[in-house]
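> coordinates only, sequence not included:
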């Protein structure tokens, strides 16, 4: 049994909805389970999962655990950086690779241990996609723990040219009032109604649009 597993997630990240139910199940893998929101609070342990964590973690902090693992929704080394699920949906891709890899000094650059794929129909909104990504994230973490330490020997080094997604801002949710809904539906799918809703500007006014699926 491991000594300690730590989960690091940003305080307001959506992935936090998936963690409380998961934590008790980790007790069969480690003597102590910790969930923190600030990477500077990391202590010495065996495994740290960085989930929904946008903090830049220094090599000194990474050295406090034997393994530092990140789940990322792109086919690394393609799609490093911010919000890969959102960017891929905007690109028209409804098959989303998800990988679990080792964090190293360079961002999103470590060896890959496990892979999964999400397949969407094309009509899911962001909450539905996050739900599936959250389930897959927890599944990959569980698979790593169940296969540890043998999984380490099966690590794949990232190969090929890297590409990077920039950080998104609320301004990225702007719609064009002269385009159709169909033409802009990808952007509507990835808009967060609470944090960065879609909006458009017309005749000197700014209007917000909140998109929900009728049940």
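Yep, it's here. Computed from a predicted model, the values in this text were never measured in an experiment. Numbers count the residues shown, from 1 in each chain.

> now do the contacts for the closest residue to residue 75 other than its chain neighbours.
Among residues not flanking residue 75 along the chain, residue 97 sits closest, at 4.2 Å (C-beta to C-beta, 6 or more residues apart in numbering). For the C-beta atoms, the positions are set from N, CA and C on the backbone; glycine is no exception. The neighbours of residue 97, taking C-beta atoms under 8 Å, 6 or more residues apart in numbering as the test, are 73-75, 115-117.

> among those residues, which lie within strands?
Among the contacts of residue 97, the members found in strands (DSSP state E) are 115-117.

> got a quick ChimeraX command for the buried subset of the residues you listed?
With 16 or more other C-beta atoms under 10 Å as the criterion, this ChimeraX line picks the buried residues out of those:
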select :116
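
> got the domain boundaries for the chain?
2-165, 170-209 (the TED database).

> output those as CSV; include the columns distance to residue 215 and mean pLDDT.
Putting the domains of the chain into CSV (distance: least, C-beta to C-beta, whole Å; pLDDT from 0 to 100) gives the following:
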stretch, distance to residue 215, mean pLDDT
domain 2-165, 11, 96
domain 170-209, 15, 96
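
> just name the most buried of those.
domain 2-165 (a mean of 16; mean count of other C-beta atoms under 10 Å).

> first to last residue in that domain, what's the distance?
End-to-end distance for domain 2-165: 35 Å, by C-alpha to C-alpha, to the nearest Å.

> that one: how far from the chain's middle?
The gap between where domain 2-165 is centred and where its chain is centred comes out at 6 Å by C-alpha atoms, centre = their mean, to the nearest Å.

> could you do stretch 199-210 as well?
30 Å.

> just the residues contacting it, thanks.
173-177, 188, 193, 197-198.

> for this structure, which segments count as strands?
2-8, 30-36, 45-50, 65-72, 80-81, 95-102, 112-119, 164-165, 198-202, 205-209.

> so which of the ones you listed comes closest to residue 87?
Residue 87 sits nearest to strand 164-165 of all the strands of the chain, at 4.5 Å, using C-beta to C-beta.

> residues in contact with that closest one?
74, 79-84, 87.

> who does it pair with, and is each partner parallel or antiparallel?
Sheet pairing of strand 164-165 (DSSP bridges) gives strand 80-81 (parallel).

> hang on, the earlier thing: I'd like the contacts of strand 164-165 as TSV, with distance to residue 5 appended.
Below are these laid out as TSV (distance: C-beta to C-beta, whole Å):
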residue	distance to residue 5
74	25
79	27
80	25
81	27
82	26
83	26
84	25
87	30
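
> which of those lies closest to residue 106?
residue 80 (9.4 Å).

> residue 106 is in contact with that closest one, correct?
No - using C-beta atoms under 8 Å, residue 80 is not in contact with residue 106, being 9.4 Å away.
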